[in-house]
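Enquirer: quick one, what's the 3D model for this:
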Amino acid sequence: MSSSSESEALPAPSGRYHVGRTSYDWIDAQRAEIYSSDPQNRRELLVWVWYPAAPDADADAAPAAYLPDPWAPTGQFLGLNATGLQSHAVADAAMATDQANFPALVMSPSGFPPLLLAAIGEELASHGYVVVGVNHTYETAVTVFADGRTIPVNPDAQAGALGPQTGPYKERFRRRAAVCEYKAADLASVGDWLGRLAANTDGALAGRIDLGRLGAFGHSFGGNAALEWCRHDARCLAAANLDGALWTQVGRVGLNRPVLQVLAEHPEFVPSGSDAVAAGLATDAAAFDAEKAITLGGWRTVQEQGRPGYTVQVAGATHLSFMDVPLLPLPSESPAKAMLAATQIEPRRMRRITCDLLLAFFATHLGQQGSDSLLEEPSGDYPELSFGPP
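Expert: Modelled structure (predicted):
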């Protein structure tokens with residue numbers, strides 16, 4: 001919790017806890033790094049962690065920078081100048097002590113570091129969750145490890161998501177699935193490290209994470225990764241997907257545990273492939289129809305197989321609405337401006353709706369106090385929501 005100022009990019013968290021932020025990086029010696037030119041390299045990941053902080057955590061400390069200087073290139077694609085922008089979290093603050101431990105949520109972004117999902121991370125942490133945002137190495141413009149090493153982007157780790165779509169569509173879809181599967185393996189690695197951290201005695205978070213209340217969520221490819229990991233790993237008790245098409249097996253078989261899907265509007269999937277080509281919306285009718293079937297079919301399958309499954313669409317939202325992007329001070333020439341042109345929902349309202357849905361879902365299914373009524377039935381407080389897969 002903190003007061004707002006012009007230097008803060010995000011709305012202030014609404015929960016009763018102050019928020020701390022820290023980072024860790026770990027190497028998984030059992031996994032090869034497939035995006036490196038050196039076949040001897042092992043998979044190394046950095047995570048940003050938001051967590052409930054002690055009441056006096058920010059009494060004398062300045063909020064952490066929204067994007068630390070070494071990470072500035074991750075905003076350049078958006079034209080973002082993050083100089084002077086503050087978060088609502090205090091770096092390495094003491095953890096809250098009113099509970100012995102806290103539930104944890106592993107968060108998987110897509111194409112950008114988890115710092116660009118800080119609006120969600122801070123809000124959930126203020127309500128008593130440890131939010132572990134995974135920076136998927138080689139996927140972001142730059143990854144900066146604790147010792148100062150920097151790793152540049154490898155386009156293979158994005159499967160063309162941020163660039164032009166080229167090549168046979170079946171191969172494009174296969175590459176997307178492979179990226180999502182590798183990201184899901186990242187979440188499994190992080191789950192292992194959290195287990196060791198939970199059993200440790202050193203550090204602010206050591207021994208303070210309740211792995212009996214572990215969930216996952218993600219955006220876009222990260223949403224697919226969260227569901228795919230949860231399908232395989234019994235440690236993950238509940239998972240949420242923020243507008244991610246499902247390229248992996250989870251879209252064909254679902255997962256038999258609590259699952260939430262929060263979707264933007266997708267009017268691009270209304271026409272058939274031939275109609276889309278005729279209207280200039282697509283160049284390949286077969287590719288369009290195949291992507292439509294995978295996307296809509298995957299969402300329906302997950303809804304039907306979830307135990308329980310919830311699917312909610314947000315009127316006026318587009319794919320980038322789930323990130324911090326609409327909240328940031330972007331210049332007029334930012335390429336994100338065009339991406340956001342179709343967005344109708346006010347950014348702070350979108351952030352409130354997304355967080356309220358996630359809080360209701362995880363409170364219900366990770367043993368916190370809460371109700372899932374928001375996820376199941378219309379409410380006059382949330383007229384933007386419609387229920388069920390498109």
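
Enquirer: where do the helices sit along the stretch 251-390 of the chain?
Expert: 273-278, 285-305, 335-339, 347-365, 373-376 (DSSP state H, counting those that start in this stretch).

Enquirer: among those, which is the most enclosed?
Expert: Stretch with highest mean neighbour count among those: helix 347-365 (a mean of 21; mean count of other Cβ atoms under 10 Å). Where you see a C-beta, it was placed from the backbone N, CA and C, and this is true even at glycine.

Enquirer: taking helix 285-305 as reference, get the angle to the longest helix anywhere in the chain.
Expert: Among the segments of the chain that qualify as a helix by DSSP state H, the longest is helix 169-199. Counting by axes from the mean of the first three to the mean of the last three Cα atoms, to 10 degrees, helix 169-199 points 30 degrees away from the direction of helix 285-305.

Enquirer: for the helix or strand following helix 169-199, list every residue counted as buried.
Expert: Counting by DSSP states H and E, the next helix or strand C-terminal to helix 169-199 is strand 209-219. Going by neighbour count (16 or more other Cβ atoms under 10 Å), the buried part of strand 209-219 is 209-211, 213-219.

Enquirer: now do residue 60, the pLDDT please.
Expert: Residue-level confidence at residue 60 comes out at 70, pLDDT.

Enquirer: where's it relative to residue 90, distance?
Expert: 10 Å (Cβ to Cβ, to the nearest Å).

Enquirer: same drill for these two, tell me which one is more crowded.
Expert: residue 90 (23 against 7; other Cβ atoms under 10 Å).

Enquirer: so the more buried one, which of the three states?
Expert: strand (DSSP: H, G, I helix; E, B strand; the rest coil).

Enquirer: look through this protein and tell me its longest strand.
Expert: strand 18-32 (DSSP state E).

Enquirer: alpha carbons only: can I get it in PDB?
Expert: Extracted in PDB, the C-alpha atoms of strand 18-32 (Å, rounded to 0.1, in the frame of the first residue of the first chain):
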ATOM      1  CA  HIS A  18       2.900  -3.400   1.900                       C
ATOM      2  CA  VAL A  19       4.800  -5.000  -0.900                       C
ATOM      3  CA  GLY A  20       8.400  -6.100  -1.200                       C
ATOM      4  CA  ARG A  21      10.300  -7.100  -4.300                       C
ATOM      5  CA  THR A  22      13.400  -9.200  -4.700                       C
ATOM      6  CA  SER A  23      15.000 -11.400  -7.400                       C
ATOM      7  CA  TYR A  24      16.900 -14.700  -7.600                       C
ATOM      8  CA  ASP A  25      18.700 -16.500 -10.300                       C
ATOM      9  CA  TRP A  26      19.200 -20.200 -10.500                       C
ATOM     10  CA  ILE A  27      20.700 -22.800 -12.800                       C
ATOM     11  CA  ASP A  28      19.000 -26.100 -13.500                       C
ATOM     12  CA  ALA A  29      21.900 -28.400 -14.100                       C
ATOM     13  CA  GLN A  30      19.500 -31.100 -15.400                       C
ATOM     14  CA  ARG A  31      18.300 -29.000 -18.400                       C
ATOM     15  CA  ALA A  32      20.200 -28.100 -21.500                       C
END
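
Enquirer: name the next helix or strand downstream of that strand, please.
Expert: Moving toward the C-terminus from strand 18-32, the next helix or strand (DSSP H and E) is strand 42-53.

Enquirer: what comes into contact with whichever helix or strand comes after that next one?
Expert: On the C-terminal side of strand 42-53, the closest following helix or strand by DSSP H and E is helix 73-76. The contact list for helix 73-76 (Cβ atoms under 8 Å, 6 or more residues apart in numbering) reads 67, 81-82, 112-113, 115-116, 140-142, 328.

Enquirer: now those as CSV including secondary structure and neighbour count?
Expert: Listed next are the contacts of helix 73-76 as CSV, based on DSSP: H, G, I helix; E, B strand; the rest coil; neighbours: other Cβ atoms under 10 Å:
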residue, secondary structure, neighbour count
67, coil, 23
81, coil, 15
82, coil, 22
112, coil, 24
113, coil, 24
115, helix, 25
116, helix, 25
140, coil, 27
141, coil, 17
142, strand, 16
328, coil, 23
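
Enquirer: which one of those residues is nearest residue 319?
Expert: residue 112 (12.5 Å; Cβ to Cβ).

Enquirer: so which bits of the longest helix of the chain are buried?
Expert: Applying a neighbour-count criterion of 16+ other Cβ under 10 Å, one finds 169, 172-173, 175-177, 179-191, 193-194, 197-198 buried in helix 169-199.

Enquirer: now the buried residues of strand 209-219 as JSON lines including distance to residue 103 and pLDDT?
Expert: Shown next, in JSON lines, are those (distance: Cβ to Cβ, whole Å; pLDDT from 0 to 100):
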{"residue": "209", "distance to residue 103": "8", "pLDDT": "95"}
{"residue": "210", "distance to residue 103": "5", "pLDDT": "95"}
{"residue": "211", "distance to residue 103": "9", "pLDDT": "94"}
{"residue": "213", "distance to residue 103": "4", "pLDDT": "97"}
{"residue": "214", "distance to residue 103": "7", "pLDDT": "98"}
{"residue": "215", "distance to residue 103": "7", "pLDDT": "98"}
{"residue": "216", "distance to residue 103": "12", "pLDDT": "98"}
{"residue": "217", "distance to residue 103": "13", "pLDDT": "98"}
{"residue": "218", "distance to residue 103": "17", "pLDDT": "98"}
{"residue": "219", "distance to residue 103": "20", "pLDDT": "98"}
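
Enquirer: quick one: end-to-end distance for stretch 298-314.
Expert: Stretch 298-314 has an end-to-end distance of 18 Å (Cα to Cα, to the nearest Å).
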